[in-house]
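[1] got a structure for you, letters missing:
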Ligand SMILES: COc1ccc([C@H]2OC(=S)NC2=O)c(OC)c1
Ligand SMILES: [Zn+2]
């Protein structure tokens, strides 16, 4: 699908060939969300999530995370409402995680980090015709962020965990179908923070309307351990490197306001 994050492949590990920040970037992500400094906006509407599991196509290791990709050639799986003026099309989801359970998320809440963070990625199909186009526009993307906490086993995640050994190495890809990403959302998606931000890896474009869920989901220690069994490196490389700590550090707020959908 268009969002196969070819641009992300330009991201050469180890971290960050080239400038560490976008020169003049004033809406970079991730950020620390200071709860008490966020502003309740009663005009924020509930999010409307409409995913069709039949649009799920494949899972692959892009050398930085693993992506579950969806057919985004029609408006079968969409996100609208909340702060969004337009309709956004689901194109992929992926995660960021740490080498241990002390850190791994990209956003933090009052400096609290979580062991992992889910990103469900959508692009503005009212205004643009391809993900690659939308990724360059300030209203191009909407990303739902969900924190993962260690606790009980997540039954819906297990199908995904079972597929990971097949994409252990960079550039490996397998068919993956009929997976509904809604099963990875917390029960309550009406409580979220929203702010104007960016992609968190190159091209770091300032195209993202963030929707960070207040409620986390729980996954088991063993489920997250399988994430850490993935590799940054391709099968041919001599030295194999564990895929861990694939997160960006928090960026300056630069005067931005974070709004909350709850008081
Ligand atoms: C070209 O496509 C890309 C490129 C980078 C990212 C990074 O930005 C965020 S957010 N997470 C990431 O890993 C992306 O995610 C939507 C999509
Ligand atoms: Zn991400």
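    Perfect, I can see it now. This is a predicted model, so every value here is computed, not measured. Ligands and ions are numbered 1, 2, ... in the order given.
[2] now the chain, which segments are flagged as low pLDDT?
    Along the chain, the parts satisfying pLDDT under 70 run over 1-24.
[3] may I have the phi/psi pair for the closest residue to ligand 1 within the stretch 51-200 of the chain?
    Residue of the stretch 51-200 of the chain nearest ligand 1, by CB to the nearest ligand atom: residue 199 (3.4 Å). Where C-beta positions appear, they are placed from N, C-alpha and C, glycine not excepted. Here is the backbone geometry of residue 199 (degrees, to the nearest 10): phi -70, psi 150.
[4] counting neighbours, what do you get for it?
    24 (other CB atoms under 10 Å).
[5] which residues sit in contact with it?
    29, 135, 141, 205, 207, 208 (CB atoms under 8 Å, 6 or more residues apart in numbering).
[6] among those residues, which two are most distant?
    Largest separation among these by CB to CB: 29 and 135, giving 13.4 Å.
[7] rewinding a little: distance of the residue of the stretch 51-200 of the chain closest to ligand 1 relative to residue 210?
    11 Å (CB to CB, to the nearest Å).
[8] overlap in contacts, those two.
    Residues touching both residue 199 and residue 210 by CB under 8 Å, 6+ apart: residue 29.
[9] where do the helices sit along the stretch 1-150 of the chain?
    6-9, 131-134 (DSSP state H, counting those that start in this stretch).
[10] could you pull up the residues touching residue 187?
    Applying CB under 8 Å, 6+ apart to residue 187 gives the contacts residue 215.
[11] before we move on, what about residue 244?
    So residue 244 contacts 97, 98, 99, 228 (CB under 8 Å, 6+ apart).
[12] next up, the contacts around the nearest residue to residue 117 once chain neighbours are set aside.
    Take residue 117 and drop its neighbours on the chain: the residue closest to it by CB to CB, 6 or more residues apart in numbering is residue 105, 3.9 Å away. By CB under 8 Å, 6+ apart, residue 105 lies in contact with 30, 96, 113, 114, 115, 116, 117, 147, 148, 247.
[13] so which of these wins on neighbours?
    Top of the contacts of residue 105 by neighbour count (other CB under 10 Å): residue 116, with 28 neighbours.
[14] surely that one and residue 106 touch.
    No. Counting by CB atoms under 8 Å, residue 116 stays clear of residue 106, with 9.6 Å between them.
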